[in-house]
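Undergrad: quick one, structure for this:
(one chain, ligands or ions: 1)
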Amino acid sequence: MASMRFPFSFPQPQPPQFPRPFTAFAVGAAIAGASAAVVAVSSSSDRPFLRNALNSVFSSGHSLPLWGSLSLADSGVSVLESKTGISFPSVLASSQKLCGIGLRKKSVLGLKNIDVYAFGVYADDDDIKTHLSDKYGKFSASELQGNKEFIDDLMDNDIPMTVRLQIVYGRLSIRSVRSAFEESVGSRLQKFGGSDNKELLQRFTSQFRDEIKLPRGSVIHLSREKGHVLNTSIDGQEVGSIKSKLLCKSILDLYCGEEAFDKQAKEEIEHNVASYL
Ligand SMILES: CCCCCCCCCCCC(=O)O
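TA: Alright, predicted model coming up:
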């Protein structure tokens, strides 16, 4: 099974030194043995990413393996988004693996930037191989970094993927969620499909019905299933399912595309997906 790799170098005088790239989740798993572990990953603007995670591991006094990568199969490991404290399972029940995490900020009234939700993007390494190996298998992850065609193929192909959003902002109204989706998904539908997509956008946003509450901690899954079907669930309850290649691509573009909400998360996703090939 392929391993999860993060494209970061580590601070110099930290003993012990690890070869780059290292497997964030394997660190957690190695410490925890069979039990659950949490790996902190910073996604603040200066982003030392795994530095925090590894620092806390080093200071815990555990001795760590020096091999470069491990399988995620021995899971039970979560990754902590350190700015918000939100944790993401490294593997979903669907067996999709975490490829990257990020933070969605939004300015309110053009003034204050608030942290609205943290997100994680998941995909299955076998699906990635099946769809992208022929074309990209001969390239290394760093060669594929920033390759627009590669990301376009990831977004266009019938590859099951999940975006997990976990709400940070405690006063979110369902109306503001609908209107944020109208703006962000609406602009992508227009970008990829032209102007005649109002009905599709309305079908999608109307899944977020008035009676739904989204307190801090609520989890929304936007999952592209086989056949370009977008399933939406909130706290484990399915709220809708729409078959549309254009809609699936538009959702993924928010997190992996050219104008992704969180550029660092996009790079992380790109690198980890490429390392599955
Ligand atoms: C007060 C800010 C309200 C913002 C609500 C955003 C909630 C989810 C929207 C998801 C899509 C997006 O991030 O644009």
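Undergrad: quick one: residues contacting A274.
TA: Y136, F139, S140, A141, L144, Q145, F150 (C-beta atoms under 8 Å, 6 or more residues apart in numbering). To be clear about C-beta, it is placed using only N, CA and C from the backbone, and glycine gets the same treatment.
Undergrad: so of those residues, which ones are in helices?
TA: Residues of the contacts of A274 located in helices (DSSP state H): Y136, A141, L144, F150.
Undergrad: now the buried members of the contacts of A274.
TA: Y136, A141, L144, F150 (16 or more other C-beta atoms under 10 Å).
Undergrad: re the thing from before, closest to the ligand among the ones in helices among the contacts of A274?
TA: Proximity of these to the ligand (C-beta to the nearest ligand atom) peaks at F150, which lies at 23.6 Å.
Undergrad: now for the helix or strand where R175 lies, which elements pack on it?
TA: Assigned by DSSP states H and E, R175 falls within helix 174-193. Applying 3 or more C-beta pairs under 8 Å, 6 or more residues apart in numbering; DSSP states H and E, one finds that helix 174-193 contacts helix 198-205, helix 245-256.
Undergrad: circling back to that earlier point, and the buried ones among the contacts of A274 as CSV, adding pLDDT?
TA: Output for the buried ones among the contacts of A274, formatted as CSV (pLDDT from 0 to 100):
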residue, pLDDT
Y136, 97
A141, 94
L144, 96
F150, 97
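Undergrad: rebuild these as CSV, extending it with distance to the ligand.
TA: Converted to CSV, these look like this (distance: C-beta to the nearest ligand atom, whole Å):
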residue, distance to the ligand
Y136, 28
A141, 27
L144, 26
F150, 24
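Undergrad: so can I have TSV of the ones in helices among the contacts of A274 showing distance to G170?
TA: Shown next, in TSV, are those (distance: C-beta to C-beta, whole Å):
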residue	distance to G170
Y136	42
A141	38
L144	39
F150	38
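Undergrad: now do the buried residues in stretch 182-190.
TA: For stretch 182-190, the neighbour count (16+ other C-beta under 10 Å) marks E182, S184, V185, G186, R188, L189 as buried.
Undergrad: so the second one touches D253, yeah?
TA: No. Counting by C-beta atoms under 8 Å, S184 sits too far from D253 to count as a contact (9.3 Å).
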